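>>> Return a 3D structure for these sequence lines:
(one chain, ligands or ions: 1)
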Amino acid sequence: MSEIDRIMCLSPVIPVLVVQDAAHARPIAEALVAGGLRVLEVTLRTEAALDVIAEMAKVEGAVVGAGTVLNEADLDASIEAGAEFIVSPGLTDGLAKAAIARRIPFLPGIANSSDIMRGLDLGLDRFKFFPAEASGGIKALKALSAPFGRIRFCPTGGIDLERAPQWLDLPSVRCVGGSWLVPPGVPDVAEIRQRATAAAKLATVR
Ligand SMILES: O=C(O)C(=O)C[C@H](O)[C@H](O)COP(=O)(O)O
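Sure, this is the predicted structure:
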């Protein structure tokens, strides 16, 4: 099992986090881990993101990665901040080769067969299916999985607690990603923990 595969198997849902203030990082990560979600994707969409990664990485049990990694500079900044894995919305040769060279678990986004074939050429076989609902949803991923039987996915984009079980039912799906766990603004840790607990339970219904 590859390292990225091991991470994808740790929990059924990867929270996609957009955190504006590094002071919110630890309470959010602690609430998610307490609810049973250990794998956390911190998007590089905010100025605080690298500090957020560094703070969350200190939380016991958390496996913290960087999301919205678009290029080699983002990759190196994320690794420097302590990211244990890298997620990208897309797949470019430049970023993929750099991530492989750094030996960091890498989950690039794909949305069609050509993307998957480019990934396979690079030696990759685990992908984020993004944007999952907008790219044709479950029907599209089922169709894509037919010629690519060995590939496993983390669908992300438009998925919530209600939609997640249907995605998780697909044999090609290891886990799903979603931003619904942590609403924007000052974190309500009780609410976040409750959402995480509900999401973590999806593992038992698989
Ligand atoms: O930022 C990135 O790197 C992305 O690839 C996009 C995010 O994963 C999705 O935007 C999350 O989708 P929602 O759960 O529908 O909010």
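
>>> only C-alpha atoms for contact and neighbour calcs from this point on.
Will do.

>>> can you list the weak-confidence ranges in the chain?
204-206 (pLDDT under 70).

>>> which residues in it form strands?
In the chain, the strands defined using DSSP state E lie at 13-17, 39-43, 63-67, 85-88, 106-110, 126-129, 152-155, 176-178.

>>> Around the ligand, which positions in the protein sit nearby?
16, 43, 67-68, 88-89, 156-159, 178-180 (CA under 6 Å from any ligand atom).

>>> Could you rerun that using 8 Å?
16, 43-45, 67-69, 87-90, 109, 130-131, 156-160, 177-180 (CA under 8 Å from any ligand atom).

>>> Please indicate which of those residues are buried?
Listed as buried from those are 16, 43-44, 67-69, 87-90, 109, 130-131, 156-160, 177-180; burial here means 16 or more other CA atoms under 10 Å.

>>> The residue lying farthest from the centre of the chain and Ser114: what is the separation?
Ranked by distance from the centre of the chain (CA atoms, centre = their mean), the top residue is Pro147, with 23.8 Å. From Pro147 over to Ser114 the distance is 12 Å, taken as CA to CA, to the nearest Å.

>>> Run the chain-centre distance for stretch 107-120.
16 Å (CA atoms, centre = their mean, to the nearest Å).

>>> Regarding it, how distant is the last residue from the first?
End-to-end span of stretch 107-120 (CA to CA): 13 Å.
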